[in-house]
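# What follows is a predicted structure for the sequence shown.
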Amino acid sequence: MKAVMIIFNQANTERVEYMLDKLNIRGFSWFSNVKGRGSETGEPRMGSHTWPEMNEAVITIVNDDQVDVILDKVKKLDEINFEVGVRAFVWDIVRSL
Amino acid sequence: MSIYKSAVNKPITTFMVFTAIVVMGIYSLVQIPVDLYPEMDPPFISVMTTYVGANAGDIEANVTKQLEDALNSVDKMKEITSTSSDNLSIVNLEFEWGTNLDEATNDIRDVVDRIIDFLPDGVERPTIFKFNTSMMPIVFYAVTAKESYPGLEKLLDEKIINPLNRIEGIGSIGMMGAPRRVVYVDADPRQLDAYNLTIEQIGNLIAAENMNMPSGNVKMGSLDYQLRVQGEFTGSSVIENIVVGNMAGKPVYIRDVATVRDSIKDLSLDEKINGEQGLRMFVMKQSGANTMKVAREVRKNVDELQKQLPPDVKINLIMDTSDFIKGSINNLSETLMWAFIFVGLVVLFFLGRWRATFIIILTIPISLIVAFLYLYITGNSINVISLTSLSIAIGMVVDDAIVVLENITRHVERGATPREASIYATNEVWLAVIITTMVVVAVFFPLTLVGGMTGVIFNQLGWIVTITIVTSTLAAISLTPMLSSKMLRLRPKKQNPGRFSYANTIERALNYTDNFYEKTLRWVLRHKTFTMITSMGVFVGSMFLFNFIGTDFMPESDESSVTVSIELQTGLRVEETLKTTRYVERVFREKFPEIQIMSASSGSDDEGSMFSLFTTTGSNMINFMMRLNAVDERAKSVWDIADEMRAEIGKLPEVVNFTVSTSNQGMGGTSNTVDVEIFGYDFDVTNALAEEVRQRLVSVPGAIDVQVSRKKDKPELQFSLDREKLAIHGLTTAQVSTYIRNRVSGLITSRYKEEGEEYDIRIRFQEEFRNSITDLEEITIVTPTGSRIKLKELGEVKEYWSPPNIEHKRRERIVTVTAKPDKVALGVLATNIQTAISDLDIPQGVMLNVGGAYEEQQESFMDLGLLMILSIILVFIVMASQFESFAMPFVIMFSIPFAFTGVALALFITGTTLSLVAALGAVLLIGIVVKNGIVLVDFTNLMRDRGYELYEAIAISGKSRLRPVLMTAATTILGMLPLALSTGEGSEIWRPMGITVIGGLVFSTIVTMVVVPVMYGILARHGERNKRSKLEKQFHFMD
């Protein structure tokens, strides 16, 4: 079991929803209006007057074999336009209830 | 859930909501009446009192003075003026605008009730008269006839007026100069004396004979009969054969002592239309009725009804006020259409995309239609003001939609789906959009608070622009995202755009402009002092231009109609006046082929119709009403023609005074005059001073139609009775005066009836026995003892001169000398007049004051000045709160003076005067200009917050905001362009506004793009927005 967290520009919301659906990922937690900025190039998304855009984040716990599929799709999504921005992070699940 | 999210998620609901608005708007549009100006209830109430037999002086002392003193305490009254003339006292009360006139009328009624007992006996109950603009006639007809002339009144009454009265919205229809049928019994006083008869006897007899009397019931057999005595005359010839007495056993018939004429009334008013005998018919509408509709119906019906008239009766239209309204409204509608097209082209030019253009353009009809909804709900009309307001708004309503759409497009081009882009992109800008709207509202909303007559215009403009702009903002954050989500597509960049494609032509040009501007900006930022000094120089220089620009109140417009009134020597009889009328008619016919219809009336109608309130009549007065060809069918303007007419009339030696006027619609009847008011009690002193002022005014350059309000003393025959002699004969003044009146003016005791109409039977002396002083002295009076004496035994006839009218203002006697401006601004004329009369030797107890429309103009400009200050304060408040800074609003407001530079230049180049309308345009500019500045400064702040260095931020944001600024400015400018260029009917009224706004905007946009960044550079400090360094100063815990 791995946790995949996808953080993305709000403008990609529908695409991410579609992706999860398509990959038959049923369980996830959704964080709306997430602020943040990229470590290197990513523009700040602060929802402020200066940086009006906002991010969304979704965390999903999936079987190990699905991780690559997800990351592959996220990469494709990112390739549409790098400026919009989408990132995915994976970490291990040690235990779950 | 935010409005834009709901709108995008529920496209059908959104669509339906806006459809509902549009449907209701269109419904309102069909229902709203069309008129020239918004309905104005001028706050004037008149109190008219008749006191028969009193001359002006008596009326003044016994009636007017009493009323004035009592009425002076009425609430909210602004000014009290009065005119006392023979038999009649008119007290005019002017109230503050917006006063409830019903309440005021009640107050006045109370006052009148209170003092009526203190008025002399014989004074009739004062009538309270409320003036209303809808009482002005809307259509004038000239009716000419040859054979049918004598019966014209009855003919028209039956065939035209009665059917017309059925039209909805008709107030009343009047006739002027209609020949009235009268049965005259002209007695020969010598015969009367010979047969021992009097006029009164004949009168009583005729009254006694001419009657039908029900005399009870008779039951006969099985029936109940009504009994009637039938004595009414069956024909006017019956009168001749009435027996009035006996002489030596033989009956004396009326024909023995008098001649009976069944004829039309003796001449007192002569109406000639195009030189033919005729009369004038005028139609007044009900208050609140649609002028256009009523006039259209009337004209259609008259055309139809005319067929039933005898062939020699011709009905011609002299004036239809709805023509001008229709012309103006059509003209403005056309203007609006052009503005719509221009705005569409500008949007297409800058965006280069059809779908985007469509989405933006769609906000125009929606916002404008809401204005109609407003007009309908508040009971207003579509008029010049409301349409001009729409013209102003049309360029501004697209601004918000442009901002929203631009951001959505940016997101779509970055690959977002149109649906999401619409939601999130709108989220990013909606607040900014609302704030810029608030700035515009801050300028227009205060307009709704202005009072007075100018307020009537301003309020509507303020409301309409505010409402349309607010609607456009609402549409921009709901309808625009919704449509964008449905219609926008990600357009792949063309690999090889065609040679003449958008990308290779316009876009390239725009890019070039962007780059050029960026370079300019970087240069001026390096030369700040030079730039500022140059621009200050330009501003100060332009302010000197205002010295060459005249001021005016309301621009006059060419309404294709001229009215001329000529006054000849007072007391002249109509027959003499007519000779001049015929001569002037002939001269006008020859010299002015532009005249389509000319109606001339000479003399006065003693019936005193409603119309007499608007024109002065008298046996020595001639009134001309002329209609000219349409504006585009003649070379000369109505003012040129009026000037030439003035010259022609000026040549006639018998003319004492005359006016030629070219407008009949004027705003609520305000005249464009400068009045010199002379207050003072003594007639001789004030008359002399008025004459002196008049002579000086005539020589003032630019003053025409100089008029003295106090008419020349008129000759009067007074019969002064010797009371002792009266007493000897047992007579009283009242008896004698009745005797004289019956013999000279005539006695009416009965009316002759024919076909349901009644005609006066007037008994009096034959004319040759009552037209000299000797004749009057020879009048026989029967004393109570039955003896007959001549009038000359009771007193003597003397000739006197007396003032025909005495005017009061603020309860003091006043004479006004008025002058109209000719090719010179009213303000200038007022100054000239003031200097011309400054060295006058003013006698003690006399006060001189220069007022008139000039005074009102000053007040209105003052109002506008206050308005401008209020607007600037409000705009400052909005901006200071938006930027959370005191300095930023100053940076932006620095562009306002340059708007006025543009105004000065535009007015100077086009030779337009600074009228109220132009000044209003200048006030509006504040909002539009500031809006440009906000866009620029806001983006610069943003860039600095994002970490750019000050000058770099200014240059980058300048480059990136150039297009939106140019675009919003271009839509507004091109939206106003048709207004500024229109030449048709009524365009004189709104053209100045178009010129001011365009001039101000063109200039200020250019300057804004240079001066605002420089000011920003001066007022902002490097690193002031660097949050990091600020925080470093605050927090030391990491050190």
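Structure's in. What do you need?
# Please save the CA atoms from the lengthiest helix in chain A in PDB.
Identified as the longest helix of chain A according to DSSP state H is helix A:64-80. Presented in PDB, the C-alpha positions along helix A:64-80 are these (Å, rounded to 0.1, in the frame of the first residue of the first chain):
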ATOM      1  CA  ASP A  64       1.700  -0.700  -5.100                       C
ATOM      2  CA  ASP A  65       1.000  -1.700  -8.700                       C
ATOM      3  CA  GLN A  66      -1.200   1.300  -9.300                       C
ATOM      4  CA  VAL A  67       1.400   3.800  -8.300                       C
ATOM      5  CA  ASP A  68       3.200   3.800 -11.600                       C
ATOM      6  CA  VAL A  69       0.000   4.100 -13.600                       C
ATOM      7  CA  ILE A  70      -1.000   7.100 -11.600                       C
ATOM      8  CA  LEU A  71       2.400   8.800 -11.900                       C
ATOM      9  CA  ASP A  72       2.300   8.100 -15.600                       C
ATOM     10  CA  LYS A  73      -1.100   9.800 -16.000                       C
ATOM     11  CA  VAL A  74       0.000  12.700 -13.800                       C
ATOM     12  CA  LYS A  75       3.000  13.200 -16.000                       C
ATOM     13  CA  LYS A  76       0.800  13.300 -19.100                       C
ATOM     14  CA  LEU A  77      -1.500  15.800 -17.400                       C
ATOM     15  CA  ASP A  78       1.500  18.000 -16.600                       C
ATOM     16  CA  GLU A  79       2.700  17.800 -20.200                       C
ATOM     17  CA  ILE A  80      -0.400  19.600 -21.400                       C
END
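# That one: which residues count as buried?
Of the residues in helix A:64-80, A:67, A:70, A:73, A:74, A:77, A:78 count as buried by neighbour count, 16 or more other C-beta atoms under 10 Å in any protein chain shown. Placement of C-beta: from N, CA and C, glycine included.
# Next, format those as CSV and append distance to residue B:413 and pLDDT.
Formatted as CSV, the buried residues of helix A:64-80 follow (distance: C-beta to C-beta, whole Å; pLDDT from 0 to 100):
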residue, distance to residue B:413, pLDDT
A:67, 32, 93
A:70, 27, 93
A:73, 23, 91
A:74, 22, 92
A:77, 17, 89
A:78, 17, 89
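# Just give me the closest of those residues to chain B.
Closest to chain B out of the buried residues of helix A:64-80 is residue A:77 (9.3 Å), distances taken as C-beta to the nearest C-beta.
# Now do the longest helix along chain B, average pLDDT.
With DSSP H setting the assignment, residue counts place helix B:452-487 as the longest helix in chain B. Across helix B:452-487, the average pLDDT comes to 88.
# Stretch B:675-688 too?
For stretch B:675-688, mean pLDDT rounds to 85.
# That one spans what distance, first to last residue?
Start-to-end span of stretch B:675-688 (C-alpha to C-alpha, to the nearest Å) is 17 Å.
# cool, stretch B:441-454 as well?
The first residue of stretch B:441-454 is 19 Å away from its last residue (C-alpha to C-alpha).
# any chance of the buried residues of helix A:64-80 in TSV, plus distance to residue A:26?
Compiled in TSV, the buried residues of helix A:64-80 are given as follows (distance: C-beta to C-beta, whole Å):
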residue	distance to residue A:26
A:67	16
A:70	14
A:73	16
A:74	18
A:77	20
A:78	24
